[in-house]
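just need the structure, nothing else, for what follows:
(chains A and B)
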Amino acid sequence: MNNSVNETAWDRFWFASECPQSVCSIRGVFCVITAIYFASSMADVGQWYGQGDAFSQQNVASFFATADLQHETRWIWSPLFVLESLLGNHTWIHFAYLLVGIGLCVSVIVGKGGRIVPWLLWALFAGWANRILFLAGTVEILLSLCLFACAIAPPGKAWFRRAELVDSLPSRHWTAAFSKRLLGLQLTVFGIVTWMTMLSHDVWWNGLGSIALSSQIDGSKFGPASILGTTIAHEMVTHFLALALPIGLGLAWTGWFGASNRIAKVGLGVLLCWCLVVAVIGAHWLYAATFATACFALLPTRRTA
Amino acid sequence: MSRRKKSPKKNSGPVPDLAQTDLSSDSLRQKPSQEISKQGSDGRQGTENGERCSTENFPPLSIRRLLSIFVLFHLVAVAVSMTAVGASSQTQAWLNGVLQPYTMPTHFRTQGERVYLASGEAIENPHQLQVLYVSDATKDDAIGSLDASLAWEVMPSQGIPGLAVDDRYARWISTMVTLIDSGSPSLIAELLLPIIRSDDSILAVRIVRLPTQLSLVTDAEPDPVYVAAVARSSDSVSLVRIDELRLRTMSRDEGWEAEGGSDE
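Predicted coordinates:
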């Protein structure tokens, strides 16, 4: 390692060595979310991607040819396209792909496989998200970003039992800090864009945003009738959703600028509440879980007493 | 989540971070050999949070520079792709195109997917795919008027509302509705025909926009945004879109009487 005397605040922010335990834990939660995502995808694989289905390779190719959009697809890469070309359009290919994905999630959680496995998991996930095309939503983008950032961190177990903590503690490494900072900044960009685009619509100003969010789900058990039945309730929830995101992000970042860590934790709490409300009202469970997990990367790590 | 009890030690080991504690379900404890001294090896203080950085574990300067450039590029690419939803300036559209080789294979690009939670627009309403089976209507009836009086059957999602399987079904229908709204109804056939091919008894298909709490009183009924009859020949299946019935003008009295109204 190079002992440069020229490191700046930028260098200390990005490259100061850090114990990878916290980022390994965050990555472990992402892996659990990803495994749930893969498992849920197995439930309807047979409906979408098999021979003659709406998103079979032939049908997708035909769709883009009819729409004259082949040029838009040249960067949509997925190992599944290759596998389907080689082996045929069989549903078992997708099942096997998802099973391998779940296996990689477990492997990352237990810290096996070295640095390559988190990268493989990210590549596999991005390949799946690219393969399903229009069926992918916001959660795939957020998860892809988070898995990418976490793949940079050194390998390590996600969780330890108390007895094995001391012996199994991974050594400090600058990639742990780099991974965590990237995760935090990506989340901040994502959150700011989410907030700005929310505010470009009237419903987030006139108090109806929470109802608009809950109305997207047909048959949701958490509809306006049950939670947002009164004007005061849905307006309060709307204003909370519109305000909590920037306030939470702002407070969470204050820890990096000399403020007390308690303030940053208040910001984290606000963000977690925001995620909870989004999950319950809008039924965006995986999105909210991913967002909430990434929020833990925003807190600065205190390393000395 | 449990927190480790505070030990009565006075050592200068690291103070566990609450976030770390919560996630790892145990506090972070360093080996003595891994502890970082309060004063760095060069005698300098660290960052504001009591964090003191040792210079010994920094990567080489060239790697730092390369990664700094990458970080800036990456964050700009993510920001550009996320904000390129809806109307984009020419510059942003150009930049988005340039960044495609990076953002699309990695799935960092939104591909038109909104990152806002809700806009309240009608396209976000729940939609239903409904089909008309041969057994539910005579062919003459169906082709004559594919309206709500026929026994349309909902083709439901296989998932629980709000969970992933249901989300994918909703996005599939949402894609078709987007194609209708963007004036490309012919492309819907590419997404719908696989289902119609699999069932010979389907006579017609329609996509219905369901009203929500935000719908106006005038839109309080389910609104068919797409209706198509299935045309089958010996070797092919196609969809023939049925346009909406045009509004007719008639005198108020004529219409009133036709509906059996009376002025009392």
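
against which helices or strands is the longest helix seen in chain B packed?
Determined from DSSP state H, the single longest helix within chain B is helix B:61-83. Applying 3 or more C-beta pairs under 8 Å, 6 or more residues apart in numbering or on different chains; DSSP states H and E, we find helix B:61-83 packed against helix A:9-15, helix A:174-199, helix B:90-103. C-betas here are computed from N, CA, C, even on glycine.

quick one: contacts of it?
Identification of contacts with helix B:61-83 by C-beta atoms under 8 Å, 6 or more residues apart in numbering or on different chains yields A:2, A:4, A:6-7, A:10-11, A:14-15, A:141, A:145, A:178, A:182, A:185-186, A:189-190, A:193, A:196-197, B:58-59, B:92, B:95-96, B:99, B:102-103, B:108-110, B:115.

tell me which residues in it are buried?
B:64, B:67, B:71, B:74, B:77-78, B:80-83 (16 or more other C-beta atoms under 10 Å in any protein chain shown).

of those, which is the nearest to chain A?
Comparing the buried residues of helix B:61-83 against chain A with C-beta to the nearest C-beta places residue B:82 closest, at 4.4 Å.

grab the nearest non-local neighbour of that closest one.
Distances taken as C-beta to C-beta, 6 or more residues apart in numbering or on different chains put residue A:193 closest to residue B:82, at 4.4 Å, once the chain neighbours are dropped.

ok, the one you found touching residue B:115?
Yes. Residue A:193 is within contact range of residue B:115, at 5.5 Å (criterion: C-beta atoms under 8 Å).

and residue 120, which helix or strand is it part of?
Using chain A here. Per DSSP states H and E: residue A:120 is located in helix A:116-131.

that helix packs against which elements?
For helix A:116-131, the packing partners by 3+ C-beta pairs under 8 Å, 6+ apart come out as helix A:21-42, helix A:79-87, helix A:91-109, helix A:138-151.

that helix to helix A:91-109, inter-axis angle?
140 degrees (axes from the mean of the first three to the mean of the last three C-alpha atoms, to 10 degrees).

pull helix A:116-131 out as CSV, backbone CA atoms only.
What follows is helix A:116-131 as a C-alpha-only set of coordinates in CSV (Å, rounded to 0.1, in the frame of the first residue of the first chain):
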residue,chain,number,x,y,z
ILE,A,116,-15.9,-13.1,-7.4
VAL,A,117,-19.2,-14.4,-6.0
PRO,A,118,-20.7,-10.9,-5.2
TRP,A,119,-19.8,-9.8,-8.7
LEU,A,120,-21.3,-12.9,-10.2
LEU,A,121,-24.5,-12.4,-8.2
TRP,A,122,-24.8,-8.8,-9.4
ALA,A,123,-24.1,-9.9,-13.0
LEU,A,124,-26.7,-12.6,-12.7
PHE,A,125,-29.3,-10.2,-11.3
ALA,A,126,-28.7,-7.6,-13.9
GLY,A,127,-28.9,-10.3,-16.6
TRP,A,128,-32.3,-11.4,-15.2
ALA,A,129,-33.6,-7.8,-14.9
ASN,A,130,-32.5,-7.2,-18.6
ARG,A,131,-34.2,-10.4,-19.7
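
and that helix, what's its mean pLDDT?
For helix A:116-131, mean pLDDT is 96.

who's in contact with that helix?
Residues outside helix A:116-131 that contact it (C-beta under 8 Å, 6+ apart) are A:27, A:31, A:34, A:38, A:41, A:49, A:76-81, A:97-98, A:100-101, A:104-105, A:107-108, A:113, A:136, A:140-141, A:143-144, A:147-148, A:150-151, A:153, A:155, B:104-107.

quick check: angle from it to helix A:138-151?
Interaxial angle of helix A:116-131 relative to helix A:138-151 (the same axes, to 10 degrees): 160 degrees.

buried stuff in helix A:116-131?
Neighbour-count burial for helix A:116-131, counted by 16+ other C-beta under 10 Å, picks out A:117-131.

run the chain-centre distance for it.
On the basis of C-alpha atoms, centre = their mean, to the nearest Å, helix A:116-131 sits 13 Å off its chain's mean C-alpha point.

any idea how far stretch A:142-153 is from the chain center?
Distance of stretch A:142-153 from the chain centroid (C-alpha atoms, centre = their mean) equals 8 Å.

give me the pLDDT for residue B:128.
Looking at residue B:128, its pLDDT is 87.

repeat for the one 5 residues further on
Confidence per residue is given as pLDDT, and for residue B:133 that number is 84.

what do you get for residue B:188?
Reading off the model, residue B:188 has pLDDT 86.

excluding sequence neighbours, find me the nearest residue to it.
residue B:176 (4.9 Å).

surely the one you found meets residue B:228?
No. Using C-beta under 8 Å, residue B:176 is not in contact with residue B:228, being 10.9 Å away.

shared neighbours of those two, which are they?
Taking C-beta under 8 Å, 6+ apart as the criterion, residue B:176 and residue B:228 both touch B:188, B:192.

what residues are up against the residue nearest to residue B:82?
Counting by C-beta under 8 Å, 6+ apart, residue A:193 makes contact with B:79, B:82-83, B:115.

for residue A:257, the count of nearby residues, please.
Counted with other C-beta atoms under 10 Å in any protein chain shown, the neighbours of residue A:257 add up to 11.

closest approach to chain B from chain A, which residue is it?
Using C-beta to the nearest C-beta, residue A:283 is the residue of chain A that sits closest to chain B, at 2.8 Å.

on that earlier part again, now the residue nearest to residue B:188, what's its secondary structure?
Using DSSP: H, G, I helix; E, B strand; the rest coil, the structure places residue B:176 in helix.

how near is it to residue B:129?
Using C-beta to C-beta, to the nearest Å, we find residue B:176 at a distance of 8 Å from residue B:129.

neighbour-wise, which of these two wins?
residue B:176 (25 against 21).

pLDDT at that one, what is it?
In this model, residue B:176 is scored at 89, pLDDT.

residue A:279 too?
Looking at residue A:279, the pLDDT reads 91.

one more: residue B:86?
Value for residue B:86, per-residue pLDDT: 67.

and if you look at residue A:260?
Residue A:260 is assigned a pLDDT of 82 by the prediction.

ok, now how distant is it from residue A:268?
Taking C-beta to C-beta as the measure, residue A:260 falls 13 Å from residue A:268.

and the two? which has more neighbours close in?
Neighbour count, other C-beta under 10 Å: between residue A:260 and residue A:268, residue A:268 has more, with 23 against 11.

show me which positions of the strand or helix carrying the more buried one end up buried.
Using DSSP H and E, residue A:268 falls within helix A:261-282. Residues A:261, A:264-268, A:270-272, A:274-275, A:277-282 are the ones in helix A:261-282 that count as buried (16+ other C-beta under 10 Å).

same deal with stretch A:188-206?
Buried-residue list, stretch A:188-206, by 16+ other C-beta under 10 Å: A:188-195, A:197-198, A:201, A:203-204.

make a markdown table out of the residues you listed and add pLDDT and distance to residue A:89.
Formatted as a markdown table, the entries for the buried residues of stretch A:188-206 read as follows, by pLDDT from 0 to 100; distance: C-beta to C-beta, whole Å:
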| residue | pLDDT | distance to residue A:89 |
| --- | --- | --- |
| A:188 | 96 | 41 |
| A:189 | 94 | 37 |
| A:190 | 94 | 34 |
| A:191 | 95 | 39 |
| A:192 | 94 | 41 |
| A:193 | 91 | 36 |
| A:194 | 92 | 36 |
| A:195 | 93 | 42 |
| A:197 | 87 | 37 |
| A:198 | 89 | 40 |
| A:201 | 89 | 40 |
| A:203 | 91 | 42 |
| A:204 | 93 | 43 |
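
neighbours of the residue lying closest to residue B:133 once chain neighbours are set aside, how many?
Nearest residue to residue B:133, sequence neighbours excluded (C-beta to C-beta, 6+ apart): residue B:201, at 4.8 Å. A total of 11 residues lie near residue B:201 under the criterion other C-beta under 10 Å.

from residue A:48, how far out is residue B:201?
Distance from residue B:201 to residue A:48, counting by C-beta to C-beta: 22 Å.
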